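>>> model this:
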Amino acid sequence: MFLWSVCQPRTCCSVEGRAHVASKVVLRRSSSIDEIGDIVWYLALCLLLSWLVAGGALSKGIKSSGKVVYLTAIFPYVVLTILLIRGFTLEGAYKGIEFYIGSQSDFSKLADIEVWKDAATQIFYSLAVGWGSLITLSSYNKFHNNCYRDTIVVCVVSCATSVLSGFVIFSFLAHMAYIQDKPVSEIALSGFGLAFIAYPEGLAQLPWAPLWSILFFFMLITVEIDTVLADVETIFTVLLDWFPCFRQTRRIYLITAIFPLLYFLGLVFVTQAGIYWINLVDHFCSGWIVIITALLELIGLSWIYGINRFIKDIEMMIGKKNWLFWLWWRMCWIAISPCLLAIILFWALATFDPPTYGPVEYPVWAIALGWCMIAFCIMWIPLVAIVRVILAEGCTLWQKISAACTSAPDWGPYLEQHRGEMYRKKPGSTEVPICVQLLASPQI
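Numbers count the residues shown, from 1 in each chain. Here you go, the predicted structure:
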């Protein structure tokens, strides 16, 4: 329905007009988050279709989802290449490039902490850092897989893809600005407006507009399917490790139970106030939680688990490296990355602005709910730590903390042939903190 609306010629060709169409025709948006309204039936059906596709892709575990990824990971690059070539041939495209990385770029935005927080969130999102997806998917690798090489390749390809996408986006936006005789800064939107209003508006003004729109939105669908598969597989892996009886023939029962629950939880986002809820969750949960989680992971690995022990674990899988090789990574893990994340986190908290959706402001109860969502997601880390300390052996508080921060004697790689001398089972071995035992999942 939305794809049809952006593909059709309309007398109202401005971004504001297209935003009005998206709000009133497609979303049937209410005036505020207080007016939740009805469930928009065609959006609910689209949501159902999305979960059915995800359920089918995950029906046989990592084997079936891995095959789906061949399409969902490669197709976006094909579309990006096609759109890039087409964008560079449009009139006025060079103005978009100048606005993107040229003389018209506004580098004063680098002084805005919100830009840095959004940049950190984007990196965490594109690389799946702090979400649990990396640990889940890497647990299915072979033990001696070169994780260091894979990490470098993924980081380079991901960042290069983001830069490439910028060229694609701003070449089309500049063409739209050229047609409307406006500066690119008045055309470019941020957030949902860029992907679902401004960019489709640029595509709709081209010859064969439906073709370009279909390619663009199908690319977005494939990218989001990848994200959903990784996130849901994380949930499934945790549950299957706790209940291994579901790992084989009964996996379909788990899918049948989990996916309807996720679908019904998502129905609030396809109501007439759904866009307000999406913006609220995105504002509070997508940034703050992942930054806090990543910061705690760095502290746990570097300062509690021990950076030297962590490096030895990596070398046990990829082979020995000299000390110069690890010098930069030691500095990053111990000091640079934790300090940068802490600065971004506290600076963003100090300069916090309440969320808005265009001119619509959120009520106090919605902002309070946003902070409650953050607290609910983060509170389990200190709660589990407190429970571990209380249940640990020892007479004094320090003895309990020390006991809670030591691992079980069988800590190490799951298979005995992978343990090496470092993790041979020794009676009374208590060297590794329990806070990272989740890394030793049965798949490793």
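
>>> how about the residue of the chain most remote from its centre, what does it touch?
With distances taken as CA atoms, centre = their mean, the residue sitting farthest from the centre of the chain turns out to be C395, at 43.0 Å. Contacts of C395 were listed using CB atoms under 8 Å, 6 or more residues apart in numbering, and none were found. (C-beta placed from N, C-alpha, C; glycine too.)

>>> Could you pull up phi and psi at it?
Note on C395: backbone dihedrals following degrees, to the nearest 10 are phi -90, psi -40.

>>> which regions of the stretch 101-250 of the chain sit below the pLDDT cut-off?
For the stretch 101-250 of the chain, applying pLDDT under 70 flags the ranges 103-106, 186-199, 202, 246-249.

>>> make it 90
Low-confidence regions of the stretch 101-250 of the chain, defined by pLDDT under 90, span residues 101-151, 154-155, 157-250.

>>> Could you chop this protein up by domain?
For the chain, whose domains are defined here by automatic domain parsing, the residue ranges read 2-107+145-272, 382-444.

>>> hmm, back to that, next one: the residue farthest from the centre of the chain, what pLDDT does it get?
pLDDT recorded at C395 is 84.

>>> Distance to M317 for the domains of the chain - can I get that in JSON lines?
What follows is the domains of the chain, written out as JSON lines (distance: least, CB to CB, whole Å):
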{"stretch": "domain 2-107+145-272", "distance to M317": "6"}
{"stretch": "domain 382-444", "distance to M317": "8"}
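
>>> and those domains, which is most packed in?
Here the criterion is mean neighbour count by mean count of other CB atoms under 10 Å, and of the domains of the chain the winner is domain 2-107+145-272, at a mean of 16.

>>> And that one, how far out from the chain middle?
13 Å (CA atoms, centre = their mean, to the nearest Å).

>>> P200 - that's part of a helix, no?
Yes. The assignment for P200 is a helix, going by DSSP: H, G, I helix; E, B strand; the rest coil.

>>> Contacts only, for S138.
Taking CB under 8 Å, 6+ apart, we find S138 in contact with C147.

>>> now it: how far from V156?
Distance check for S138 against V156: by CB to CB, to the nearest Å, it reads 18 Å.

>>> repeat for S32
44 Å.

>>> what's the answer for E201, then?
With the distance defined as CB to CB, E201 ends up 32 Å from V156.

>>> For Q272, give me phi and psi.
For Q272, the backbone dihedrals are phi -70, psi -20 (criterion: degrees, to the nearest 10).

>>> Please enumerate the helices of the stretch 1-150 of the chain.
For the stretch 1-150 of the chain, helices defined by DSSP state H, counting those that start in this stretch occupy the ranges 2-7, 15-21, 41-57, 62-88, 93-101, 113-127, 133-138, 147-180.

>>> Same list (the ones you listed) but as TSV, adding distance to P354.
Written out in TSV, the entries for these read as follows (distance: least, CB to CB, whole Å):
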stretch	distance to P354
helix 2-7	28
helix 15-21	21
helix 41-57	27
helix 62-88	34
helix 93-101	29
helix 113-127	13
helix 133-138	30
helix 147-180	28
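
>>> burial count for D313?
Residue crowding around D313 was assessed by other CB atoms under 10 Å; the count is 19.

>>> so which helix or strand takes in it?
The secondary structure element spanning D313 is helix 307-318 (assigned by DSSP states H and E).

>>> for that helix, which positions count as buried?
Judged by neighbour count (16 or more other CB atoms under 10 Å), helix 307-318 contains these buried residues: F310, I311, D313, E315, M316, M317.

>>> Make TSV out of those residues and add pLDDT and distance to C245.
Written out in TSV, the entries for the buried residues of helix 307-318 read as follows (pLDDT from 0 to 100; distance: CB to CB, whole Å):
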residue	pLDDT	distance to C245
F310	88	33
I311	90	37
D313	86	30
E315	87	36
M316	86	31
M317	87	30
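
>>> about what we covered before: of all the domains of the chain, which one comes closest to G130?
domain 2-107+145-272 (11.7 Å; CB to CB).

>>> Just list the residues touching L134, thanks.
Residues touching L134, when contacts are defined by CB under 8 Å, 6+ apart, comprise L127, A128.

>>> Quickly note the distance from it to V360.
To V360, L134 is 36 Å away according to CB to CB.

>>> Wait, a strand at K182?
No. Checked against three-state DSSP, K182 lies outside a strand; its state is coil.

>>> State the phi and psi torsions of it.
When quoted as degrees, to the nearest 10, the phi and psi of K182 stand at phi -130, psi 160.

>>> Do I have it right that V281 meets I374?
No. Using CB atoms under 8 Å, V281 is not in contact with I374; the gap is 10.5 Å.

>>> Can you tell me which of the buried residues of helix 307-318 comes closest to I252?
Here the nearest of the buried residues of helix 307-318 to I252, counting by CB to CB, is M317; it sits at 33.2 Å.

>>> nearest residue to that closest one other than its sequence neighbours?
H144 (5.6 Å; CB to CB, 6 or more residues apart in numbering).

>>> Which one of the helices of the stretch 1-150 of the chain lies nearest to S407?
Go through those one by one with CB to CB and the one that ends up closest to S407 is helix 133-138, at 16.9 Å.

>>> Where does S402 sit: helix, strand or coil?
When the structure is reduced to helix, strand and coil (three-state DSSP), S402 reads as helix.

>>> same deal with the one 5 residues further on?
Going by three-state DSSP, the secondary structure assigned to S407 is coil.

>>> what's the distance between it and I36?
For S407, the distance to I36 (CB to CB) stands at 48 Å.

>>> F243 now?
With distances defined as CB to CB, the gap from F243 to I36 amounts to 36 Å.

>>> Please apply the same query to L254.
Taken as CB to CB, the spacing of L254 relative to I36 amounts to 31 Å.

>>> For the residue nearest to M317, give me phi and psi.
Dihedral angles (degrees, to the nearest 10) for H144: phi -90, psi 20.
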